[in-house]
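Novice: Compute the structure for the input listed below.
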Amino acid sequence: MAAHMLEPLPVTVSPPKPPSLGRHSDDASPHKATAIPFPKARKAHGPVQAAQLSHRTHLTLLDEPVDSYTYASVLEPCECPNLGKQVHGHAIKRGFRGHEFVETKLLQMYGKCGLLDDAFRVFDEMPQRNLYSWAGIIGACLDHGFFEEALLLFRELQLEGIELEFFLFPIAMKMCSGLDAVELGRQMHGMVIKHQHLSNIYVCNALIDMYGKCGSLEDAKRVLESMTQRDRVSWNSVITACIANGMVYEALEYLEKMLHVDGLVPNLVSWSAIIGGFSQNGYDEEAIDVLARMITEGFRPNARTLASVLPSCARLQELKLGREIHGYITRHEFIYNSYVVNGLVDVYRRCRDVTSAENMFENFSVQNEVAYNTMMVGYLENGEIQKARALFDRMEQEGVKKSTISWNSLISGYVDNSLFHAALELYLCMLSEEGVQPDSFTLGSVVTACANVASLRQGKEMHSHAIVLGLHSSPFVGGALVEMYSKCRDMVAAKSAFDQVDERDTTTWNALISGYSRCNEIENIQRLVKRMKQDDFEPNIYTWNSILAGYVENGHHDSAMILFSDMQSASFRPDAYTIAMILTASSRLGTMDRGKQCHAYSIRCEYESDVYIGAALVDMYAKSGSIMHAMRAYDKIANPNLVSHNAMLTAHAMHGLGEEGISLFRRLLVEGCKPDRVTFLSVLSCCVHAGTVETGCHFFDLMVRYNVKPTVKHYTCMVDLLSRAGQLSEAHKLIVKMPVEPDAVVWSALLSGCVICGNVDVGEIAAQKLIELEPDNAGNYTLLANLYAHAGRWSDLARMRRTMKDRGMQKRPGCSWIEDKDEVHVFLACDMSHDRTREIYDAIDTLSIHMKKGFVICL
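Specialist: Next comes the predicted model:
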């Protein structure tokens, strides 16, 4: 028998009660529970109520005679295995062994309770089986996902010579859907025609449902059109079929046709299916619009409707609408529906209202793995790392099993929050966890962590793990491996990892092109783009952005500008990232005109208020010499973050506006902004320009409060600040006490202060250290020579000049440039390389003559 082909199943309570076999009722109650449903009490033919029996562990039937219908009334709502077995024993005692009707109800009860072995035992021992018995055992297999076993049983049934009634075919269609076998479904369709059941509305509805789930939408629509009689279930089935195949707007058209063609008013199930379809396919605004339309039509959304629309609210970050739905849910007592509550947690965490998300999770959520994962991701997205880890550890204490998804959520959250070493340590813990195995998302995250710490050794270890698990050929893992090797400057390994990916996609190609671009292998980029097109993948905006990023990182700013022009000529719409990179290139070229053009483009594309575009504009204008434009760009930013604040602070420092920078920093602290290393470096530079030693020392001491560890650059600012103020001994003491090794810049700052103050003793110490660190830097000897000149030590000055001459040292010439008609002209002292050198020197000579003669300035 087919029963022996099933694996043994543990005796457990079944999941929620499945729908009646062969029926897909769309008129079910909208308030159906999503946890284990409690069936309504049904009156038995005998004196005992089924609802009473379902809550008792010991069954005592009255001594009065019972018939098969009494047993049916008790078994149909039964979801307790122990109670069911007592009824079974009672039936055997009362002589109902071998009774077709009673034993069919028994096997259905066992299947519903998850005791599939017992169901098959009853089925195998039945002396006579009717069509209902076969339908019951096939339905039990389908309810537990044993589709192939169900198919074998169906074939066995065909050999029994029993006439196939209409109610069996909806069960058979469910079997085809589970196997995703549209050809088998077409054979079943032929059998329906052969047995003359095509006029039965339930069978046709099942056919539509089967074709839709098997991806054959045209067949589903043909069945609907051929039906002589249709009901709401028929239309809802084809609507669901359209949605399952991504044709959401066509589903909306069928909603309209339902009323216009058959005069059937769409019901709540119809509207809910449409809303869920739009939401699942990413049409978030449309999902919310259809919800509003449904309410206008007079329908009240149920828990299912709300659970389907909440993800759209979350993705759109519609906090106000989410709160309105929350109020509706509370008023209509859906607050204990787990899907609805998890949806609300998702809305609040995506809208960064962690307090509300936490409240929903702690007070209303059915705290299963899905709820824990949703809340944990919310903590991670909002930087609450410790709370996320505490929640992760709590899962085990509460008896909630941590699956791979839970581990992946925490590992990827660590990576997103730049806790790369913690992510790698967590991965090692995961490997030691019994019953949990990494998947492609796990490996992708840990490989990304290795890439960000530029650890080639650990990256190779993760590559080995991926190979062992057979995941190295996954596009997600393969792309991460390519990126990791690229960041570690091993393009041979990156290309090898790329070649091992089975199904390469645009993202994988972009990762490889980005690697070559960042590694400055410009000559290979065009060849790769050509190969990408040959593989039928068109370069997208991310492809060009990755090439632009490589150009900017490697100093090919002119090439970046040319590529930007080519992108516009090719009708590619640059995104915010493109504009930010071009602005960076403009600032490094010092070309304000091109920067202004990019600024104008960002305004047309409505990127001007973007925080990262705003920060890039501030940086570009500051480096191009216009602090006024930089301040205007800063004021235009809609929601400035720390990056944009740092850009403005740096601009103030760059232009010597120390007091303005200090004022901005103090305002940021009052507003609750948490400064980082860049913030403190910028404000310390402002203190240097303002000459405020006391304020600078206060800010330097403040770094400890914000857990910012001072780097060499911070110490350099402090040495420069003290040296310029003439506090050379304090500056020297600070250098000696530095927890890190002072570099040449630190000693140079001290030496410059000595030159200003004429302190030869400390200056010679600084110069000696500088010459030890940079023996070939002529600037160090020049600074010491200037110090001797300032102190009137002419013999030492002569000695320095002789040393420089003997070693063939020359001071690096100064450099300046001007921009004229989109062309940058660079000038060096004593430079003869410019195309118009003769004209330039003639102009200088003319100016020199006028200067020697003297001239009057007329105001």
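
Novice: Strands of this structure, start to end?
Specialist: Secondary structure of the chain (DSSP state E): strands at 815-820, 823-828.

Novice: Compare these and say which comes out lowest on pLDDT.
Specialist: When mean pLDDT is averaged over each of the strands of the chain, strand 815-820 scores lowest at a mean of 64.

Novice: Check the burial of residue 616 by counting its neighbours.
Specialist: Per other C-beta atoms under 10 Å, the neighbour tally for residue 616 reads 30. Heads up, the C-betas are built off the backbone N, CA and C, glycines and all.

Novice: Which residue is the nearest non-sequential neighbour of it?
Specialist: Closest residue to residue 616 apart from its sequence neighbours, by C-beta to C-beta, 6 or more residues apart in numbering: residue 583 at 3.9 Å.

Novice: ok now do that neighbour, which residues does it touch?
Specialist: Listed by C-beta atoms under 8 Å, 6 or more residues apart in numbering, the contact partners of residue 583 are 595, 598-599, 613, 616-617, 619-620.

Novice: repeat that for 7 Å
Specialist: Remark: with contacts taken as C-beta atoms under 7 Å, 6 or more residues apart in numbering, residue 583 is in contact with 595, 598, 616-617, 620.

Novice: Low-confidence regions, this protein specifically.
Specialist: 1-65, 590, 776-777, 779-780, 791, 796-797, 805-825, 827-831, 853-859 (pLDDT under 70).

Novice: and the nearest residue to residue 319 once chain neighbours are set aside, what does it touch?
Specialist: Closest residue in space to residue 319, ignoring its immediate chain neighbours: residue 351 at 4.0 Å, by C-beta to C-beta, 6+ apart. Residue 351 is in contact with 317, 319, 322, counting by C-beta under 7 Å, 6+ apart.

Novice: The first one reaches residue 348, doesn't it?
Specialist: It refers to residue 317. No: the criterion here is C-beta atoms under 7 Å, and residue 317 misses it with residue 348 at 10.4 Å.

Novice: Check the gap between residue 158 and residue 198 for me.
Specialist: Using C-beta to C-beta, to the nearest Å, one gets 19 Å for the distance from residue 158 to residue 198.

Novice: hmm, who's touching the helix ranked longest in the chain?
Specialist: As assigned by DSSP state H, the longest helix anywhere in the chain is helix 837-853. With C-beta under 7 Å, 6+ apart as the contact definition, helix 837-853 has outside contacts at residue 834.

Novice: likewise stretch 616-626?
Specialist: With C-beta under 7 Å, 6+ apart, stretch 616-626 has contacts from 580, 583-584, 586-587, 590, 592, 595, 599, 629-630, 633-634, 644, 647-648, 650-651, 654-655.

Novice: Report the buried members of those.
Specialist: Among these, the ones that count as buried by 16 or more other C-beta atoms under 10 Å are 580, 583-584, 586-587, 590, 592, 595, 599, 629-630, 633-634, 644, 647-648, 650-651, 654-655.

Novice: Just the ones in helices from those, please.
Specialist: Using DSSP H, these in helices are 580, 583-584, 586-587, 592, 595, 599, 629-630, 633-634, 644, 647-648, 650-651, 654.

Novice: contacts for stretch 531-539?
Specialist: Residues from elsewhere that reach stretch 531-539 (C-beta under 7 Å, 6+ apart): 504, 506, 509, 529.

Novice: how far away is the second one from residue 570?
Specialist: When distance is defined by C-beta to C-beta, residue 506 is 16 Å away from residue 570.

Novice: try the last one
Specialist: When distances are taken as C-beta to C-beta, residue 529 and residue 570 turn out to be 12 Å apart.

Novice: Those two: which has the busier surroundings?
Specialist: More neighbours surround residue 529 than the other of residue 529 and residue 570, with 17 against 9 (other C-beta under 10 Å).

Novice: Let me see the contact set for the more buried one.
Specialist: In this structure, residue 529 makes contact with 513, 539, judged by C-beta under 7 Å, 6+ apart.

Novice: Backbone dihedrals for the closest residue to residue 735 other than its chain neighbours, both of them.
Specialist: Closest residue to residue 735 apart from its sequence neighbours, by C-beta to C-beta, 6+ apart: residue 742 at 5.2 Å. The phi and psi torsions at residue 742 (degrees, to the nearest 10) take the values phi -70, psi 140.

Novice: count of residues packed around residue 742?
Specialist: Counted by other C-beta under 10 Å, the residues lying close to residue 742 total 20.

Novice: right, and it touches residue 736 too?
Specialist: No: assessed by C-beta under 7 Å, residue 742 is found out of contact with residue 736, at 8.8 Å.

Novice: In helices only, show me the contacts of residue 351.
Specialist: 319, 322.

Novice: Using ChimeraX, define a selection of the buried residues within the contacts of residue 351.
Specialist: The ChimeraX command for the buried members of the contacts of residue 351 (criterion: 16+ other C-beta under 10 Å) is given here:
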select :319,322
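
Novice: could I get the contacts of residue 351 as JSON lines with distance to residue 162?
Specialist: As requested, those are exported to JSON lines (distance: C-beta to C-beta, whole Å):
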{"residue": "317", "distance to residue 162": "58"}
{"residue": "319", "distance to residue 162": "60"}
{"residue": "322", "distance to residue 162": "55"}
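
Novice: From the contacts of residue 351, pick the one nearest residue 310.
Specialist: Minimum separation from residue 310 among the contacts of residue 351 (C-beta to C-beta) is found for residue 322, which lies at 7.2 Å.

Novice: pretty sure the closest one is in contact with residue 313, am I right?
Specialist: Yes: using C-beta under 7 Å, residue 322 is in contact with residue 313, at 4.6 Å.

Novice: shared neighbours of those two, anything?
Specialist: Joint contacts of residue 322 and residue 313 (C-beta under 7 Å, 6+ apart) are residue 347.

Novice: follow-up on the earlier one: can you tell me which of the contacts of stretch 531-539 is closest to residue 463?
Specialist: Taking C-beta to C-beta as the measure, residue 463 lies nearest residue 504 of the contacts of stretch 531-539, at 17.3 Å.

Novice: Neighbours of the closest one, how many?
Specialist: 20.

Novice: Then residue 510?
Specialist: 24.

Novice: That one and residue 532, how far apart?
Specialist: Taking C-beta to C-beta as the measure, residue 510 falls 9 Å from residue 532.

Novice: And for residue 549?
Specialist: Shown here: residue 549 relative to residue 532, a distance of 17 Å by C-beta to C-beta.

Novice: residues contacting the residue nearest to residue 695 when sequence neighbours are not counted?
Specialist: In space, residue 695 comes closest to residue 687 once its chain neighbours are excluded; the distance is 5.5 Å by C-beta to C-beta, 6+ apart. Applying C-beta under 7 Å, 6+ apart, we find residue 687 in contact with 658, 662, 695-696, 699, 721.

Novice: The residues you listed into a markdown table, with extra columns for neighbour count and distance to residue 268?
Specialist: Below are the contacts of residue 687 laid out as a markdown table (neighbours: other C-beta atoms under 10 Å; distance: C-beta to C-beta, whole Å):
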| residue | neighbour count | distance to residue 268 |
| --- | --- | --- |
| 658 | 21 | 67 |
| 662 | 22 | 62 |
| 695 | 20 | 66 |
| 696 | 25 | 68 |
| 699 | 24 | 62 |
| 721 | 27 | 71 |
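
Novice: Distance to residue 766 added to these, as CSV?
Specialist: Listed next are these as CSV, based on distance: C-beta to C-beta, whole Å:
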residue, distance to residue 766
658, 24
662, 28
695, 25
696, 20
699, 24
721, 16
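
Novice: Perfect, I'm done here.
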